[in-house]
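K.L.:
The following block contains a protein sequence and its predicted model.
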Amino acid sequence: MNWQTLAGNRVLGAIVIAIVLQVLSAWLIDGYDISTSLRPLLVISAFLAIASIGQTLVIILGGIDLSIPFVMGFANVVAAQLYGQGVDFTLICLLVGVLALLIGAVNGALSSILKIHPLIITLGIGTMVQGSVLWWTGGFPTGSAPDAVSEFVSIGASLGPIPLPGLIPAVIIVAVAVALMLSSTAYGRRLYAIGGNPSAARYALISPAGMWIATFALSAFFAAMAGILLLGFTGSAYGDVGQPYLFQTIAAVVIGGTALVGGRGSYIGTIAGSLVLVEINTLLIGLGLQPSMVQAALGAVIIALVSLYGRESHIRTTI
Amino acid sequence: MSGLGFGAVLLVVLLIVNIWLNPVRFAPRALGTLFGLAAPLTAAALASTPAILGGRGGIDISVGPVMGFVNAILVTVLIGQFDLASPWIVIPAAVVIGATIGAINGGLATFVRIQPIVATLGTYLVLTGLTLTLVPAPTGTIPDWLRLFSQTLSIVPLAGIALVWGLLRLTPYHGLLMATGSDDRAAYTAGVNVVLVRWLAYVLTGAFAGIASLSLTALIGSADPSIGPTYTLLAISAVALGGVSLAGGRGGLINAAIGAADIFLLQTAITYFNASTFVLEIIYGAVLVLAVAVMAIQEQWLQRGRTP
């Protein structure tokens, strides 16, 4: 494979970097053992990958969703609180899922029908959601996750003969489903069509409003699922659990080769992007950097990676 | 254009409500302090505007971290370490550091052609990381003259930004920026150096963020690593609330200032009722969504009237 094809294929770029980072970690960090470090890497990346499903879809559509961290916090706190009050957990998941779909639908409807930048709408709606949850709990959420959820996401758990928690195969199944949805369903075709050229899509009788509502609803739904799974991981409710995911989902999507202008990208790339982000974090901490310096280095690495294979075209080529 | 729109109406209403609720705080004698409280957010909103006006996804989400970074450098290094506390050094330093970061942001967004939100997310992380390394916890003090920027002289940093922008409006640059923001391809075909115009917008954003940091430093009176980044999303909300189009090419600094004043007055009114911060968050989110929705409906209605 030569450099040209690598630069041309953004998804492949992200996957290659994910592998290179593994090799680098093994080489640079003393006592780095791939068999023990792989499990936390996969589990932590899995949370990011689930939270980023919606961001991938929304960005392919040509939008952006800043409400993901707020919806994650909402799902996390509501699920814990209700479970603490003795409500059946399946019912809770159903309720949280439906509420999340509604929140997302409002995001999509307002952005598309009124033609307002989704950044502002999702930020406004997200703030309202967070405020409502805090108001309801008085700022001190209680409750916990059922053991089944904790077991499902625990790093130490194993699924029969496979030494991995159930979360990992579940994410793989979801990933295949999302990839198939993007490549071989009418929904996927329409998503790329609207993202690539909104006005042409309208002539092809694709309803932009319908697609925006459905896609933002899906985004909020997956964010809520990530919030519930994180409840199992941390054990207790935390309203700000989603905050790191505000920018991380965007970074994962972009490192995965999806263009923010819409119409291009894939979920497989986002998964590679999630792995890359978590790997860089692990590598830098392994090298003994302070958390604040890890953050600074992460910023520099994101810029470097995106300038390597995620550049936009010059204005003269867009005429 | 319909003028200043919903943001301005909201401003008048909020101003009346606030004066009615709390006349002492809004008395002419207290105006300096009042402006001092509002200045960091207002200046942050003004700073966010040029990059957004440039269009094609132009945005600078590192404005808040730039404010925090400049705050840390001024208080700990310049004033604390080298004892260079003269306004003739501190003020230019703030502007130059801000403009330099703006030039880097602009370079990444225009010459390297990384999508602006990603490029400035990168600098966002770099700057917050560096600030936290430099100043792990709040520390330091500031000279008395700088303290005045949150009291009697609180209007000075804002006036400085307004002056620079007012002078720019006299040059062709302002027209070129608006042309680039509303239709970059048409501007490029007409011979505008779109890349350079956009790059300069980021430099301006950075320089204004440096000035905003002076207001912030004056208000908090120390170096604090956690406050700066909180201004980014508030500032962008203010810009949108005031009626600047996030698609670029429409609006100006007046709109951004109105939006920032709206958010500030909303906060003071709600705090007066002793409502919890949770309620403040709900109302703030609702007003933001409502305001942009009303503006969008107004816009669509006007366009319908224009085309027969």
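P.N.:
That came through, no problem.
K.L.:
contacts, neighbours, all on C-alpha from now
P.N.:
Noted.
K.L.:
Show me what from chain B comes close to chain A.
P.N.:
For chain B, the residues in contact with chain A (CA under 8 Å from any CA of the partner chain) are B:112-115, B:118-119, B:121-130, B:132-133, B:184-185, B:188, B:237, B:240, B:246-247, B:278-286, B:288-289, B:292-293, B:296-297.
K.L.:
If we use 7 Å, what do you get?
P.N.:
Within chain B, the residues that sit near chain A (CA under 7 Å from any CA of the partner chain) are B:112-115, B:119, B:122-123, B:125-130, B:132-133, B:185, B:237, B:246, B:278-279, B:281-282, B:285-286, B:288-289, B:293, B:296-297.
K.L.:
And for the residue of the stretch 101-250 of chain B found nearest chain A, the neighbour number?
P.N.:
Nearest residue of the stretch 101-250 of chain B to chain A, counting by CA to the nearest CA: B:V126, 3.6 Å away. By other CA atoms under 10 Å in any protein chain shown, the residues close to B:V126 number 24.
K.L.:
I figured it hits A:G299, correct?
P.N.:
Yes - between B:V126 and A:G299 there is a contact under CA atoms under 7 Å: 5.0 Å.
K.L.:
just checking, what packs against the longest helix seen in chain B?
P.N.:
Across chain B, the longest stretch assigned as helix under DSSP state H is helix B:277-306. Judged by 3 or more CA pairs under 7 Å, 6 or more residues apart in numbering or on different chains; DSSP states H and E, helix B:277-306 is in contact with helix A:118-137, helix B:231-241.
K.L.:
Which one of the residues in the stretch 201-319 of chain A is closest to chain B?
P.N.:
Closest contact between the stretch 201-319 of chain A and chain B, by CA to the nearest CA, is at A:A296 (3.6 Å).
K.L.:
any chance of the helices and strands packed on helix B:277-306 in TSV, with mean pLDDT and mean neighbour count too?
P.N.:
Shown next, in TSV, are the helices and strands packed on helix B:277-306 (pLDDT from 0 to 100; neighbours: other CA atoms under 10 Å in any protein chain shown):
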stretch	mean pLDDT	mean neighbour count
helix A:118-137	92	23
helix B:231-241	91	27
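K.L.:
Tell me which of these sits nearest to B:R29.
P.N.:
helix B:231-241 (26.6 Å; CA to CA).
K.L.:
As CSV, could you dump the C-alpha coordinates of the closest one?
P.N.:
Output of helix B:231-241 as CSV, limited to C-alpha atoms (Å, rounded to 0.1, in the frame of the first residue of the first chain):
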residue,chain,number,x,y,z
TYR,B,231,-17.3,31.1,28.3
THR,B,232,-17.1,29.3,24.9
LEU,B,233,-20.6,27.9,24.6
LEU,B,234,-22.2,30.9,26.5
ALA,B,235,-20.5,33.3,24.0
ILE,B,236,-21.7,31.3,21.0
SER,B,237,-25.2,31.2,22.4
ALA,B,238,-25.1,35.0,22.9
VAL,B,239,-24.0,35.5,19.3
ALA,B,240,-26.9,33.4,18.0
LEU,B,241,-29.4,35.0,20.4
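K.L.:
contacts for the next helix or strand after that helix?
P.N.:
On the C-terminal side of helix B:231-241, the closest following helix or strand by DSSP states H and E is helix B:253-272. For helix B:253-272, contacts defined as CA atoms under 7 Å, 6 or more residues apart in numbering or on different chains pick out B:4, B:7-8, B:10-11, B:14-15, B:18, B:38, B:41-42, B:45-46, B:49, B:238-239, B:241-244, B:280.
K.L.:
filter those to the buried ones?
P.N.:
Listed as buried from those are B:7-8, B:10-11, B:14-15, B:18, B:38, B:41-42, B:45-46, B:49, B:238-239, B:241-244, B:280; burial here means 16 or more other CA atoms under 10 Å in any protein chain shown.
K.L.:
just to revisit the earlier point, quick check: nearest residue in space to the residue of the stretch 201-319 of chain A closest to chain B, chain neighbours excluded?
P.N.:
B:V126 (3.6 Å; CA to CA, 6 or more residues apart in numbering or on different chains).
K.L.:
now the helices and strands packed on helix B:277-306 as CSV including distance to A:L21?
P.N.:
Listed next are the helices and strands packed on helix B:277-306 as CSV, based on distance: least, CA to CA, whole Å:
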stretch, distance to A:L21
helix A:118-137, 32
helix B:231-241, 32
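K.L.:
three-state assignment of residue 77?
P.N.:
You didn't pick a chain, so chain A it is. Following DSSP: H, G, I helix; E, B strand; the rest coil, we place A:V77 in the helix state.
K.L.:
The intended chain is chain B.
P.N.:
helix.
K.L.:
And it, what's its pLDDT?
P.N.:
Model confidence at B:V77, given as pLDDT, is 93.
K.L.:
What's the local residue count around it?
P.N.:
B:V77: 15 surrounding residues under other CA under 10 Å.
K.L.:
Distance check, it against B:A223.
P.N.:
For B:V77, the distance to B:A223 equals 10 Å [CA to CA, to the nearest Å].
K.L.:
Who are the contact partners of the residue of the stretch 101-250 of chain B closest to chain A?
P.N.:
Counting by CA under 7 Å, 6+ apart, the residues that B:V126 touches are A:295-297, A:299-300.
K.L.:
what pLDDT does the residue nearest to B:P138 when sequence neighbours are not counted get?
P.N.:
Among residues not flanking B:P138 along the chain, B:D224 sits closest, at 4.4 Å (CA to CA, 6+ apart). B:D224 carries a pLDDT value of 94.
K.L.:
Look up the closest residue to B:L153, ignoring the ones flanking it.
P.N.:
The shortest distance from B:L153 to any non-neighbouring residue, by CA to CA, 6+ apart, is to B:G32 (6.6 Å).
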